[in-house]
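J.: Whatever this is, show me its structure:
(chains A and B)
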Amino acid sequence: MSIISEKISQADQLVSLFEQSRETLNQGSSPLLNRMREVSIKRFAQTGIPDFKNEDYKYTNLKPAFAKSYRQELVREKGIINLNEIFKCNVPQLDTHLVFLVNGWFYSGNNPGAALPSGVIVGSLEQIANERPELLENHLNRQAGLSNDPFVALNSAFTKDGFFLYIPKGVAIEKPVQVINLLSSDDNLMATQRNLVIAEAGCQVKILVCDHTLTTSSVLFNTVSEVFVGEDAMVDVYTLQNHHNLSTTINSSFYKQQRNSTLVTGAISLHGGLIRNNLKITFSGDHSEASMYGMSFTDKKQHVDNFTLIEHASPNCLSNQIYKNVLDDESTGAFSGRIHVARDAQQTNAFQRNNNILLSDKARMQTKPQLIIDADDVKCSHGATVGQINEEALFFLRARGIGEKDARMMLMNAFAHEVVQKITIEPLRDQIDELIEKRLKGEISVCHDCEYKCNS
Amino acid sequence: METQEKLLNDITTQEYQYGFFTDIETDVIPKGLSEDVIRLISFKKKEPEFMLEFRLKAYREWLKMKSPEWAHLKIPPIDFQETIYYAAPRTSPKYESLDEVDPELLETFKKLGIPIEEQKHLAGVAVDVVMDSVSVTTTFKKVLAEKGIIFCSFSEALIEHPELVRKYLGMSVPPTDNFFAALNSAVFSDGSFCYIPKGVRCPMELSTYFRINTAGTGQFERTLIIAEDDSYVSYLEGCTAPMRDENQLHAAVVEIIAMDRAEVKYSTVQNWYPGDKNGVGGIYNFVTKRGICRGESSKISWTQVETGSAITWKYPSCVLIGDNSVGEFNSVALTNHHQQADTGTKMIHIGKNTKSTITSKGISAGKSDNAYRGLVKVMPGATNARNYSQCDSLLLGSTCGAHTFPYIEVGNKSSIVEHEATTSKIGENQIFYCNQRGISTEDAIGMIVNGYAREVLNKLPMEFAVEAQKLLAISLEGSVG
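T.: Purely as a prediction, here's the structure:
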């Protein structure tokens, strides 16, 4: 009985928090955002925090994370952010349009929109929803609202701010837009962030999202991003996740692709107590393409779960997924990829691969690649492997005078490189290669020159 | 192209040619399910006390369970109180001579190459040479008895070898395993029992062909196979001839136990009535099959060819407890019209150096849905475990679906698990290639489908394989050839 009452209380606590702070939540927020709160909290209350009986959360248990008590920043707090500290985690040699968000709130101190081409709008979701609601109207919660994931509903109920980017027709942003999400708090913190990116027809943009935790207390970071990719548009989104062992990240991204568009997503999870990445891509126009890459390294008791859903709703589209995990110590990993080819989505090509290396006997990997195919003229395949470093390859290297440790390192690097090489921002690619090498050597259990010993 | 489309159309709209109405005299009890009904079944079958307890325990648990909803199936609600839970095997023949039998059915028998006496038996004709069949059975039984093999109906085993049944029943599939297994445990009517003593290699394929005494045992069948140390047995279930069974619901349970170095090969060809082309009628086939490799170096292999039933829900599994034990699963599942199949396997690796292979070939046509669902689980102690899974789907026509749901859970670093799946249709270039060489499109499709399924068909025992191949051809080729 205790389990049941616990289930009620965790979700109920959040629902009653919502009831209590309804006014605070609605205050200063656009009706657009407020409209979705009531429906969403009801939906969340119905499902509650899912347990392993929920097929989508079979391998990821979020109950312990929600059992802790958290502080929520329901109104913008005027914290002092030390930009020097922030830049420490910045990627060197990378010239980007920098955007900062702190605990889910947009930070406008560095005037991020200054160097962007005219017509491009970047800013706080809260502010733009108030000032230019017509921009958001057709996109906000249009994709996320269809999801039955309780955490998406929770996000929609509590969300106040986030990152907004609008790129008008035919505009190409040369430099990548770098979005840095910082979590900083002395107490346990639950942060909710809502992002919306609208890339109109024919535009081009590369977005790099970096998550950092600048605190040693427990954090729960629940983000929802909706990205609209217009006709002929080209969008790249890379996410670099670097959290500490007490953090929980639930990151849900929704992409909708119009005709002839191209999308590349990459998720590199270097550190994090518990990371859950939900990714949904819907092809609503033909001849579009999406490539999804994921790479994670876990050790200690970390857990990374990549959950993807590719909706082939239009014919002639191509999707390609490669997800790789390296698991050490007592870490656990999960991958669930579902490709759904709708009845009339003929000439679909959909590929999916999940490769995993287990380095310790206590590490666990659970993978669930799925194909649901309702059309006949398709080429679909998926493959999943769980294993070790190829002993023959190891022997080959050792026979050529390379020490075992180095040889293993080389092979692991090669394993990871297949994903890393897909990153189209070159300095970022080199940086990630370097980070991975350090990660594999065990050097960045502690991030380089970071004063927070997050992972020690 | 046009012929090909026409062909596909023909194939996918073809009706089950062999269904007909039968009026069988049976010894029935009132419909519905209650503890009294279970007591009555147990009493009618003169079962020992422990069996009744087993049934009641399962029934009480079943009451608390819910019908599983996770499969990719649309299962119409089943009213369990509307079903008759006990029907004794038919006693009188349906026909007086072969002349009365549906000629189409005889044609099928001919295609399958079934001997005339057997045809009579299968069609339910009063065989005047029935003594022959019986004597065949008796001869077989004599040979088996000399070796110490026990092969009889479940009811017989309960009376003659209650200690063996008691020891092994429910070992692989506990009475409360799942909804349908619990239902079966509560009400099962009959089935077969097979015991191979130590060091004995069963000299023949044990099959339903001469399992006359247990034929037509109805909807809740239970099979128990025990292979002692160093023994070998190959068991064939079902029948390649179209079995007409009006029962809506089939919930069978098969249990296999393999001890040290024992090998059990279990082959199934299932061709029950799949319903008409509008999806009306047909059998709901909910089967729980599980084998336990208890001993070291033991081996259990499942081979199945599934072409019938309106709904198939079936996951023959292997629990590999003994070190170095091996599990195998080979399957061809063909669905047409409104048929739905959600089938696959579970391989649970517990012992060290355990190996398993999974080969699944799905063929979907018409408006059918065909899903593979499998679990490969490597426990932390199962060091050096190895699994390879291959799941292919072939789509014929644009209104059918092919789905793959593999689950892989690996718990140690020395194990290697691989899974591959592909989905495609028959390539136009393949057909063109055949056409160029003077092979008609119909033959080409037959050839390609057979070639596609060959990997699995080859695993079937010789004469079974030939028949299964013909069955596949009939299921698809009927209107083609």
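J.: wait, A:M234 sits on A:N260?
T.: No - with contacts counted by C-beta atoms under 8 Å, A:M234 stays clear of A:N260, the gap being 9.9 Å. All C-beta spots, glycine's among them, are computed from the backbone N, C-alpha and C.
J.: how about the strands in the stretch 51-200 of chain A?
T.: Secondary structure of the stretch 51-200 of chain A (DSSP state E, counting those that start in this stretch): strands at A:71-72, A:97-102, A:105-107, A:121-124, A:163-167, A:177-183, A:189-199.
J.: Distance check, A:P150 against chain B.
T.: A:P150 sits at a distance of 19 Å from chain B (criterion: C-beta to the nearest C-beta, to the nearest Å).
J.: Contact partners for the nearest residue in space to that residue that is not next to it in sequence?
T.: The shortest distance from A:P150 to any non-neighbouring residue, by C-beta to C-beta, 6 or more residues apart in numbering or on different chains, is to A:T47 (4.0 Å). Counting by C-beta atoms under 8 Å, 6 or more residues apart in numbering or on different chains, A:T47 makes contact with A:A11, A:N54, A:N148, A:P150, A:A153.
J.: so who does residue 160 touch?
T.: Assuming you mean chain A. If a contact means C-beta under 8 Å, 6+ apart, then A:K160 has A:L25, A:S29, A:L33, A:L74, A:V75, A:R76, A:G104, A:W105, A:E126, A:T192 as its contacts.
J.: look at chain B instead
T.: Counting by C-beta under 8 Å, 6+ apart, B:E160 touches B:C152.
J.: ok, A:R400 - how many residues close by?
T.: Residues lying near A:R400 (other C-beta atoms under 10 Å in any protein chain shown) number 8.
J.: Just the terminal-to-terminal distance for stretch A:262-282.
T.: One end of stretch A:262-282 to the other measures 12 Å (C-alpha to C-alpha, to the nearest Å).
J.: Filter the contacts of A:K160 down to the buried ones.
T.: Listed as buried from the contacts of A:K160 are A:L25, A:S29, A:L33, A:R76, A:G104, A:W105, A:E126, A:T192; burial here means 16 or more other C-beta atoms under 10 Å in any protein chain shown.
J.: Could you single out the nearest of those to chain B?
T.: A:T192 (31.5 Å; C-beta to the nearest C-beta).
J.: so what's the residue nearest to that closest one when sequence neighbours are not counted up against?
T.: The shortest distance from A:T192 to any non-neighbouring residue, by C-beta to C-beta, 6+ apart, is to A:F158 (4.5 Å). Residues in contact with A:F158, defined by C-beta under 8 Å, 6+ apart, are A:F18, A:L25, A:R37, A:Q72, A:L74, A:T192.
J.: related to what we said a few turns ago, could you check the distance from the residue nearest to A:P150 over to chain B?
T.: For A:T47, the distance to chain B (C-beta to the nearest C-beta) stands at 17 Å.
J.: beta partners of B:Y195?
T.: B:I150, B:I226 (DSSP bridges).
J.: does it really touch B:K167, like I thought?
T.: No - assessed by C-beta under 8 Å, B:Y195 is found out of contact with B:K167, at 10.4 Å.
J.: And these two? Which one has more around it.
T.: Each of B:Y195 and B:K167 has its neighbours counted (other C-beta under 10 Å); B:Y195 has more, 23 against 12.
J.: Model confidence score at the more buried one, please.
T.: On the pLDDT scale, B:Y195 is placed at 92.
J.: Same check on the one 4 residues further on?
T.: B:G199 is assigned 92 on the pLDDT scale.
J.: got the contact list for the residue in the stretch 1-150 of chain A positioned nearest to chain B?
T.: Taking C-beta to the nearest C-beta as the measure, the point where the stretch 1-150 of chain A comes nearest chain B is A:E55, at 6.8 Å. By C-beta under 8 Å, 6+ apart, the contact set of A:E55 is B:W70.
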